[in-house]
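Asks: here are the coordinates; sequence isn't available:
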């Protein structure tokens, strides 16, 4: 009897090991760069020529601040101070900059549950709105007024970041990701963008079917957002997306992706296919598992004159891909509808030196957060040596 038990145990163990090995080889063998420590400290190897990063001619990259564990969302206040959310630490940090470098820092807000999104209202520049996983808070910076909770948000699940921003209509928008990789949500607040008045009232749905729109921005009155596709469909499916998000529209998830491609692996029914026909298609399809996050439109004075109005996007980098991809900044030519690398080099044969997250322009400079290296970069355009 004991012998049979041992044999069965060995067989079951071998089967489980085989299945586990198959799934690791199929889906996880490229996970290393996203979870392992950087092979080098980028603050010690980067220099004024951009090494080890590759940039277009005429650009320079510098380290503004380091030691910012899990740095995510960046926002400048009216006084030129840079605010950084650090969800892992439950805090929001304020950086004072001088000559392109950090001169002082203060953890102004602490003790929140994974604070991510930050927003200032242009008519009340001292009012800072912070989106934690479970609520949106309003802080009156520089006053003794206690913080005010505007609204509760759903918690739990795979996607815990909450990003906020004020639209041209002065309303506050919040993106809430799905609880899962792919599923039918029981809570309509998930996988959607919601909008409210700045005091938290009139909370209503703006757009749905958005699996995980972690970052969004406005350009010429339109709301643009990055969205991450589901996992476990292989190396090249589904594409990640950039969407132009319109009020009242459904954008397909979980029934379809990209240009309204029906996800038959999830739901092959005719009803699901019909939902895809009427869904809003992606504006841009991005290579699968690139993990697009921050996005910012190029202003005058940053690069070539024909770049103005183009879109820069941060690819945080893959985990669910056999050969890692992403870990870079790209430029989307809006007129030509083409994507080209802008800043590369974070991904090396030995691992990832960092993972770019948010992109914010302030004056003529682009500021980039990196939650893996814990730094803020500053990119500036000096002179274009590639053109006469």
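Replies: Yep, that arrived. Here the structure is a predicted model, which means the values were calculated and not measured. Residues are numbered from 1 along each chain as shown.
Asks: from here on, just use CA atoms for contacts and neighbour counts.
Replies: Noted.
Asks: ok, residue 284 touching residue 242?
Replies: Yes. Assessed by CA atoms under 8 Å, residue 284 is found in contact with residue 242 at 5.0 Å.
Asks: which of the two has more neighbours?
Replies: When residue 284 and residue 242 are compared for neighbours, residue 242 comes out ahead with 24 against 19, by other CA atoms under 10 Å.
Asks: give me the most central residue, the chain.
Replies: The residue lying closest to the centre of the chain (CA atoms, centre = their mean) is residue 293, at 2.5 Å.
Asks: using the three-state scheme, assign it.
Replies: The three-state label given to residue 293 by DSSP: H, G, I helix; E, B strand; the rest coil is strand.
Asks: check contacts around it.
Replies: 214, 215, 226, 227, 313, 314, 315, 316, 357, 358 (CA atoms under 8 Å, 6 or more residues apart in numbering).
Asks: tell me who's in contact with the closest residue to the third one other than its chain neighbours.
Replies: Spelled out, that is residue 226. Distances taken as CA to CA, 6 or more residues apart in numbering place residue 242 nearest to residue 226, at 4.5 Å, with adjacent residues excluded. Contacts for residue 242 (CA under 8 Å, 6+ apart) come out as 224, 225, 226, 227, 282, 283, 284, 285, 286.
Asks: then residue 296?
Replies: Residue 296 touches 217, 311, 312, 313, 359, 360, 361, counting by CA under 8 Å, 6+ apart.
Asks: quick check: beta-bridge partners of it?
Replies: residue 312 (DSSP bridges).
Asks: can you map out the helices along the stretch 201-350 of the chain?
Replies: Counting by DSSP state H, counting those that start in this stretch, the stretch 201-350 of the chain has helices at residues 270-277.
Asks: low pLDDT regions in it?
Replies: For the stretch 201-350 of the chain, applying pLDDT under 70 flags no range at all.
Asks: now the strands for it?
Replies: In the stretch 201-350 of the chain, the strands defined using DSSP state E, counting those that start in this stretch lie at 204-208, 216-219, 222-227, 240-245, 256-257, 261-262, 284-286, 292-297, 311-315, 328-333, 338-343, 347-348.
Asks: dump those into a markdown table; add distance to residue 165 as well.
Replies: A markdown table is the format used below for those (distance: least, CA to CA, whole Å):
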| stretch | distance to residue 165 |
| --- | --- |
| strand 204-208 | 13 |
| strand 216-219 | 8 |
| strand 222-227 | 10 |
| strand 240-245 | 14 |
| strand 256-257 | 25 |
| strand 261-262 | 30 |
| strand 284-286 | 22 |
| strand 292-297 | 13 |
| strand 311-315 | 17 |
| strand 328-333 | 22 |
| strand 338-343 | 26 |
| strand 347-348 | 30 |
